[in-house]
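> Provided below are the primary sequence and the corresponding predicted coordinates.
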Amino acid sequence: MLRPGRRATVAPLPNAEAPPRASCRRPATLPIASTVRRGICAVTERTLVLVKPDAVQRQLAGRIMARYEERGLKIVGLKLVHIDRELAERHYAVHKGKPFFEGLVAFITSGPLVALVLEGPDAISLVRTMNGATKPAEAAPGTIRGDLAVEMGQNLVHASDSLDSAATELAIWFGPGELLAYGREIDRWVLSPKG
Ligand code: RTP
Ligand code: MG
């Protein structure tokens, strides 16, 4: 029983560990979790971020992840992986057949990358805004690409661009049990009571 003023832990997604709260259940296929904030149900999105091989090689991975953490987003999944062509083609399936596809696959398989799942209110659009425009020349200062990148082909980060792509990408990159549902002490200072 949740007492007024107390925060519940995040209700888990299908591939997270604990069972969902019956009172706050969301559709199982969506990359969203339900939180009870001071007795009120609130929807919290999850999004896939890739800190791409160029960021790892440039020793920017920690600084880039710190930006998301400092914003208030919660890391609920994290791994360092060197992916093969098969996974790269699945991740970038939407771009198959485009002139840049082969270069994109070659780049994303060229070295280790960090895959992470971030959770928070409006996490999908919030992270896209933080990443900045695909072309670094068009990315606003203050964004990751606007501050740290100059080439579209080496633009440091990827993020899901919709609820649908987040659902697909979370399933591609993280298996059952690899996403953790947990509360943080700071959440009462980051998340508003009504969500
Ligand atoms: P991402 O998927 O990496 O988050 O980037 P995005 O949504 O901003 O851009 P998207 O259109 O999905 O393209 C994926 C990646 O492909 C490369 N690209 N090259 N040469 C080109 O015209 C071109 N267009 C896209 C970029 O590296 C982009 O991040
Ligand atoms: Mg994209």
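It's in. Ligands and ions are numbered 1, 2, ... in the order given.

> show me where pLDDT drops low in the protein?
Low-confidence segments of the chain, defined by pLDDT under 70, span residues 1-30, 33-43, 194-195.

> that one: strands as residue ranges?
32-37, 40-51, 74-81, 113-120, 157-159 (DSSP state E).

> redo those strands as CSV? Include mean neighbour count and distance to ligand 1.
Using the backbone N, CA and C atoms, a C-beta is placed for each residue, glycine as well. Below are these laid out as CSV (neighbours: other Cβ atoms under 10 Å; distance: least, Cβ to the nearest ligand atom, whole Å):
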stretch, mean neighbour count, distance to ligand 1
strand 32-37, 21, 20
strand 40-51, 22, 7
strand 74-81, 17, 16
strand 113-120, 24, 11
strand 157-159, 23, 4
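
> got TSV for those, with distance to L104 too?
Output for the strands of the chain, formatted as TSV (distance: least, Cβ to Cβ, whole Å):
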stretch	distance to L104
strand 32-37	28
strand 40-51	12
strand 74-81	17
strand 113-120	13
strand 157-159	10
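
> give the contact list for A115.
Neighbouring residues of A115 by Cβ atoms under 8 Å, 6 or more residues apart in numbering: 48-51, 77-81, 173-174.

> mind running it again at 6 Å?
50, 79, 81, 173 (Cβ atoms under 6 Å, 6 or more residues apart in numbering).

> same deal with T109?
Neighbour list for T109: 83, 85, 88 [criterion: Cβ under 6 Å, 6+ apart].

> what's the separation between the second one and H91?
Distance, R85 to H91, using Cβ to Cβ, to the nearest Å: 11 Å.

> which one's more surrounded, those two?
Legend: neighbour count by other Cβ atoms under 10 Å for R85 and H91, higher for H91 (21 against 11).

> ok, that one - contacts?
For H91, the contacting residues are I172, taking Cβ under 6 Å, 6+ apart as the criterion.

> spell out which parts of this protein neighbour ligand 1.
100, 104, 134, 152-153, 155, 158-159, 161 (Cβ under 6 Å from any ligand atom).
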